[in-house]
Every structure is written in structure tokens, then in C-alpha cells.
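Visitor: for reference, the sequence and a predicted model appear below.
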2 protein chains.
Amino acid sequence: MVRKTTSRLADGRELIYFDDTEPYVSAAAVREAVDVRPLSPREPAPRSAASTRRDPVSGEWVTIAAHRMDRTFLPPADESPLAPTGPGQKVPGEIPDTSYNVVVFENRFPSLEGPPTTYRDEPLRQERSASGRCEVICFTDNPATSFAELPLSRVRTIVEALTDRTRELSALDGVRQVFPFENRGEEIGVTLHHPHGQIYAYPFLPARTQALVEQSIQHKQQTGRKLLDDVVAVECAEGTRVVLETEHFVGFVPFAAKWPVHVQLHPRRDVADLTELRDEERADLAVAYRELLRRLDRFFDRPLPYIANWQQAPVGEGRDHGRLYIELFSLLRSPTKLKYLAGSESAAGAWINDTTPEAIADRLREVATQ
Amino acid sequence: MVRKTTSRLADGRELIYFDDTEPYVSAAAVREAVDVRPLSPREPAPRSAASTRRDPVSGEWVTIAAHRMDRTFLPPADESPLAPTGPGQKVPGEIPDTSYNVVVFENRFPSLEGPPTTYRDEPLRQERSASGRCEVICFTDNPATSFAELPLSRVRTIVEALTDRTRELSALDGVRQVFPFENRGEEIGVTLHHPHGQIYAYPFLPARTQALVEQSIQHKQQTGRKLLDDVVAVECAEGTRVVLETEHFVGFVPFAAKWPVHVQLHPRRDVADLTELRDEERADLAVAYRELLRRLDRFFDRPLPYIANWQQAPVGEGRDHGRLYIELFSLLRSPTKLKYLAGSESAAGAWINDTTPEAIADRLREVATQ
């Protein structure tokens, strides 16, 4: 369905084109464009600037990435590193070809990179290399659109690309979770407006996945069932917060929604990650996901700053507790007001939501486009 | 040392003056000023708008507070609700008297309030009343100063006030943790510029405390020792991140600092909460804490937006795993750039720090004022 072409950038980073089903974009028939920028070969960051450390008090792994301070910040349109190469570009970007459908490449300023190494392994002093991988995924070569406005065929290509990346990155040494996400909007600190997402391959279980695994182990012991299976079943049975149903997916606002706009999209059956979805499920996912994104921009009648994240099962230990779902949330609590994460949220970890999960669900149903 | 006078506001909320050691401020000799505003008596928020729900996937308790949408947002100086009452005030504020030293009162827009009630108690559906209490603490009646600029005697009064509140709020039905904090700076969403903090009395263990208790239980099983005792001991022994030492306190940047500016102040001995500090320790705390605050404003040579939080042991179960410490952090990663909590932090719970804990410690030592 999708044609994958792998190449290398001038500094050795991998760049992969994912071209839509035939007819392929003409200029991309072979994808032989070469990155001619005079980039130095990449060197691994030293331990003093890049590592992951386990906080003994919380059990969380924190990544130290002190070598990324110079990364690009809101460049003018003709200097965008995500634009295709062409006469309109003052500064050549990351993508050598003159047009593309979907493209994935290794982040030039990665916080996670390379193979795993243990630096220290004492109970209160666990420190390892910041291994893994950070990739950028460009959803389109059109800088002026958004994910929600893409044609379905393109959304499908993105799903295929994320599936491919999940498969490939899961196979890297030491990777424990593949985490695709999209940050959208200046309000959440987006530094490039071009529609794009990121894929992090973590060498540890992020705190949220760690918490899921712990809760799921307890639930399994108590009931014999899988926690996320039961969560989906209970939400479907109650129905109060369900906002979208398709043949293979169900969208609902979580029972204890933390964010003023917050919704999740779960497959109806137990699927560990994107690679386990069947072809017809991936097609259905594209439809359901785009519909939810479109509702977000209608929620406050303005383009919504949001974080989209694709939760997938751990690689290796804990895998049977994970289950694919996609989550969308926003910090906007009115058309003009942001929710700030202050003392209670940031310092105590106690979220306060200024709306109710049921009110969020009501609004998300009200703004349905289909 | 400090004189405490308790009174009631027009709508029944409690307001407490903490006056410095004699000579007391003259106008406040009796503190009999009455709140004459025509406020309606307070009514408890309905369950549909106010509850706490346990997220079954993360184990976190989330507070739903949909009744607070109209709270005050950056009012002009002559309408500040935290200013003392007087001819300069266009709108009467929360404090009836014409001047004050330190004052604490129940928040007019509380997210936690009243006695505990269980609404639902199924494994995946735990919902309770948003019980507990939210208080505001004004550090001074001067709107144009900051905590770091207060005289030591006033800092000491604040410590006494927080100690009093910890004692009183811990005794309320269902309270599991008393959590004082200060949000400072518009960048983190502060809605009132007047120097003030807040005190939350949670009816659940916030996620961060829950994580501490779990880590501490494991550590106890493995070593027989208390986790936070060992964390303080190891930091003192390594010394690399220690930035301040007094007779009774030590300040250090945590081994796995999450924030671009991040420091903690720990008592040298094991103390559960403020109420267990001895008199000379409270005096020492005032000195050490103010010094750290002063260093923050020198960190980037500008008033630093920060979150200060006073971590205290749980009330009841888990108490022996807790230990008092104060933490200060900022989202500012340069004089002009904010760290945003985007996909990795907000959605995965995987913090990335653009600096190293050791660099933070170097800078905090460099800007010492004593």
C-alpha cells in the first residue's frame, strides 16, 4: 500500500519516505535526492551532558539532555527545516527532495540516542546512557495545513508509517516503549509550525506506563482480567462518556479526566501496539482519529493547542499489561484561558480539572462532524 | 512568639491573623475588624460539579472542580482581594483589617472543601467528595514585595503559621496530607501578584507522595532503612550537588533533577512535618529558606517564576515513610525561555531536562548571598 524508501542525511542520520499508494507523487518516483548540506558527522553526547537517571524518591527515569540548547525555535517559513527542498527555501532543510507525502527522520537534536550503557548501578544512584531514538515525522509537505485537514489516504499513510516505526524501533537494543506523539500549538511550546509529530523510543518505562503496569498487575491478581480490557468494557457499558463509536474503535472521555479537553480512542479488541492491528482496523483508525481531531478544533471554535499521544504496550517485561490507545488532550480551559500546571499538579501530582468528564463528553458529541 | 487571632468572614469562612512577636502592629492590637461585605453564606458544591475520582489506569486521584470558573484573574491593584481594607481599595478584599503581618483564610474558590463522603466504591469507579480544605496565606500586606525580600522575623512568622496550619488541618476528618505551596510569576499562571501562598489539605495521597511511599516501602524491605534518610545521607556524602549547609538544614539539587532550576532543602534529622521541628530548627529554616529564594532571583538575574512546595509526611497510613522537605523549582530554562511540558512530560511522564543537576548546583553556589 505504502512505498518506503530509506536514505541517509549528510550527517549520517536516517531519513525515510513513506509514499502514498500509487500513483506516487511524480517527483518522488525514485527518491534519490541527496542531502548536500555540509553537516559534520554526528558525535555521541558525552555522559556529562546526556544520561538517564532514576529518581530514587519517585522511581521515575529523568533524561538529562544538556547538549540540545541550540535547537531551532519558530523559524521564518523560508527557513523551516521541515519544508521540502526547493527554490522557495532560503536555508536548506532536513528533507532533500522537492516534495514528499510522509517522511520520518532522526531528530537532529535528540534527547535519546544510541545503544544502552550502564554508568552507575547503585540502589539510589542508577544512571545510564540516554539511549534509544528520537524521530520526527512530517505529516505533509504543506506547512499551512493541519493533521485534521489531511485527506483520509494521507492519515492512513501516517498510520502505516507509525506502524513501521513501532516495529523497527521496538527491535532496537534496550528500547522499552515506542511513543509517537504530536504537540500542536504555540501554547504548548511547539517550536515549528509545520504539521509534524515525534516518535520517542524510550530505554525505560515512562512513569505513566510504569503506573499502568503496577495498577494492571494488582487488577490481574484481584480479578484475573486485564485492566485495560475492563476499563474499555466499563466505559462502553456506562456509555456516559462515550463520544464516538466505529466498527473497531470507541472514543471516550476517561472517568477521571485530568485535562479540560481530554479524550481517548481505544480499539475494541485487545491489541498491544500498532503492529498488531489488522488492515481493516488501521483503515478504521484513520477515520476515527481524524474525526476526533476535527472535533477538537470545534470544541472552542478555534484551532486547539493539543497533545496527541499513542500509548503502546511495553517492549519486553510488562507487555501483557499494555494495550494500544490514542489520547488527545488540551491545556485550554476556555477559548482564551490556559490551564497552568502549578503547585498542585506540578509539585504534588494532584490534578484539578475545572470541568467535568461528562461535560467534556457532551461537548465532544455536540461538535461531531459525522 | 506569634499571636494568633481567629475570626470569620461574612460568608462564614475562617480567617486567621498571625502577628509577629511584640510589638504587634498597632492597628492590629485586637484584630476586631469585621467583614461587612454582603456575601452569601457558602453552599457546598454539588456532586455533579465537585468530586475526586481515582483514575484506574494510573492510580491517581483527580479532583473535579467545575464550580470555580469565575475566580479572580489579575485584578488591578485597588481591587486586589489580598490587600488590607482601607481607603486605597476600590473593592473591599478578603482581609477586613487595615493592616496585617501574616494572614490565612479559607479560599473563596476552593477545589477541596468539607467532610469526606464516598460516592462510589467499585474497583474501577472510585469517587468521593472533594473533601479537605484550601487556604490562602498572605505573606505580607505589602503587595509590591516578594517572599525573598521579607525580613527574617516575618519569614519566621510564616513558618509558625504554616506549622499551625499543618497541625490544625491534619486533624480534619479524612485529611491525608497538608501541602503548603507558593506559585510565583505570571509564567506559571499566578492570578494575583500579591505575595501569597496556598495550603491544600488533600483527602488522598497525591501521586507524588504515593510514589514516595511505594519506593520507600521497597527500600525499607531491601535495606531496613528509611528511603529519605538515605537520600539525604548520600547527597551529603557525595557533596556534588550540595549548595547550602546550615546547622540544621542542607540544600541540594536532586540527583535526577527534573526542572531547569531545581533545589530541595532538607532538615538534617528525620522530621515528619513542620510540627516536629524544634524552635531552633524553625529559626534556622527561616534563614536557609530565604537564602535559597534569594539565590533564585539571581539565577538568571531576573525575578524567577517558581513553585515552592513543602513536602510533608502523610497523615495516617504511610506516615513513617514521609519526611519534611521544601522544594523549589522553575520552568524557566533561560532568562527568556520557558520549559514546556509537552508530549514526553505531560503524556508519558518522562521528564527531559535541558541542563544537568550539577550545572544547576554550580550556579546556585555561584549566586550565594551568604
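Guide: Sure thing, it's come through.
Visitor: count the residues that sit near the residue in the stretch 251-370 of chain A that chain B sits nearest to.
Guide: Of all residues in the stretch 251-370 of chain A, A:Y340 sits closest to chain B, at 2.6 Å by C-beta to the nearest C-beta. Backbone N, C-alpha and C define where each C-beta goes, glycine included. Neighbour count of A:Y340, defined by other C-beta atoms under 10 Å in any protein chain shown: 18.
Visitor: for chain A, longest helix please?
Guide: helix A:279-299 (DSSP state H).
Visitor: does that helix reach chain B?
Guide: No: using C-beta under 8 Å from any C-beta of the partner chain, helix A:279-299 never reaches chain B; the gap is at least 14.9 Å.
Visitor: quick check: mean pLDDT of that helix?
Guide: Averaged over helix A:279-299, pLDDT sits at 97.
Visitor: pull the CA atoms of the helix or strand that it is followed by into CSV?
Guide: Once the chain leaves helix A:279-299, the next helix or strand it forms, by DSSP states H and E, is strand A:306-311. The C-alpha trace of strand A:306-311 is given here as CSV (Å, rounded to 0.1, in the frame of the first residue of the first chain):
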residue,chain,number,x,y,z
TYR,A,306,-3.3,19.8,21.8
ILE,A,307,-1.0,16.9,22.7
ALA,A,308,-1.8,13.7,20.9
ASN,A,309,-0.1,10.6,22.3
TRP,A,310,-0.1,7.0,21.1
GLN,A,311,0.1,4.7,24.1
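Visitor: now do stretch A:312-326: distance from first to last residue.
Guide: End-to-end distance for stretch A:312-326: 9 Å, by C-alpha to C-alpha, to the nearest Å.
Visitor: can you point out the buried residues in it?
Guide: The neighbour-count check on stretch A:312-326 (16 or more other C-beta atoms under 10 Å in any protein chain shown) flags A:312-315, A:318-319, A:321-326 as buried.
Visitor: which residue sits closest to the residue in the stretch 51-200 of chain A that chain B sits nearest to, ignoring its sequence neighbours?
Guide: In the stretch 51-200 of chain A, the residue that lies nearest chain B is A:G189 (2.6 Å; C-beta to the nearest C-beta). Counting by C-beta to C-beta, 6 or more residues apart in numbering or on different chains, A:G189 lies nearest to B:Y340, which is 2.6 Å off, once chain neighbours are set aside.
Visitor: right, and that neighbour touches A:I188 too?
Guide: Yes: using C-beta atoms under 8 Å, B:Y340 is in contact with A:I188, at 5.6 Å.
Visitor: what residues does the stretch 51-200 of chain A put near chain B?
Guide: Counting by C-beta under 8 Å from any C-beta, the stretch 51-200 of chain A comes close to chain B at A:53-66, A:68-69, A:111, A:123-125, A:177, A:179, A:181-183, A:188-190, A:198, A:200.
Visitor: ok so, going back, give me every residue that touches the residue nearest to A:G189.
Guide: Contact analysis of B:Y340 by C-beta atoms under 8 Å, 6 or more residues apart in numbering or on different chains lists A:188-189, B:331.
Visitor: any idea how far A:E32 is from chain B?
Guide: 33 Å (C-beta to the nearest C-beta, to the nearest Å).
Visitor: repeat for A:R8
Guide: Counting by C-beta to the nearest C-beta, the gap from A:R8 to chain B is 26 Å.
Visitor: my guess is that residue contacts A:A33. True?
Guide: No: assessed by C-beta under 8 Å, A:R8 is found out of contact with A:A33, at 11.7 Å.
Visitor: when these two are compared, which one has more neighbours?
Guide: Under the criterion of other C-beta under 10 Å, the comparison of A:R8 against A:A33 puts A:A33 first, with 19 against 14.
Visitor: show the backbone phi and psi for the more buried one.
Guide: Main-chain dihedrals, A:A33, degrees, to the nearest 10: phi -60, psi 140.
Visitor: go on, A:A211?
Guide: phi -60, psi -40.
Visitor: that one contacts B:G59, correct?
Guide: Yes: using C-beta under 8 Å, A:A211 is in contact with B:G59, at 5.9 Å.
Visitor: more neighbours, those two?
Guide: Comparing A:A211 with B:G59 by other C-beta under 10 Å, the one with more neighbours is A:A211, at 23 against 17.
Visitor: residue contacts, the closest residue in space to that one that isn't next to it in sequence?
Guide: In space, A:A211 comes closest to B:S58 once its chain neighbours are excluded; the distance is 4.5 Å by C-beta to C-beta, 6+ apart. Taking C-beta under 8 Å, 6+ apart, we find B:S58 in contact with A:208, A:211-212, A:215, B:207.
Visitor: surely B:S58 is within a strand?
Guide: No: read with DSSP: H, G, I helix; E, B strand; the rest coil, B:S58 is coil and lies in no strand.
Visitor: in what helix or strand does A:Q198 lie?
Guide: Per DSSP H and E: strand A:196-202 holds A:Q198.
Visitor: relative orientation of that strand and strand A:306-311 in degrees?
Guide: Angular relation of strand A:196-202 and strand A:306-311 on a 0 to 180 degree scale: 40 degrees, by axes from the mean of the first three to the mean of the last three C-alpha atoms, to 10 degrees.
Visitor: hmm, back to that, which pLDDT value goes with the residue of the stretch 251-370 of chain A closest to chain B?
Guide: A:Y340 is given a pLDDT of 88.
Visitor: check A:R269 too.
Guide: 98.
Visitor: any idea how many residues pack against the nearest residue to it once chain neighbours are set aside?
Guide: Excluding its sequence neighbours, the residue lying closest to A:R269 (C-beta to C-beta, 6+ apart) is A:H248, at 7.6 Å. For A:H248, the count of nearby residues is 20 (other C-beta under 10 Å).
Visitor: surely A:H248 touches A:E281?
Guide: Yes: between A:H248 and A:E281 there is a contact under C-beta under 8 Å: 4.6 Å.
Visitor: between the two, which contacts overlap?
Guide: Listed as contacting both A:H248 and A:E281 by C-beta under 8 Å, 6+ apart are A:P267.
Visitor: just give the closest residue to A:G88, not the sequence neighbours.
Guide: Computed as C-beta to C-beta, 6+ apart, the closest residue to A:G88 that is not its neighbour in sequence is A:D78, at 6.1 Å.
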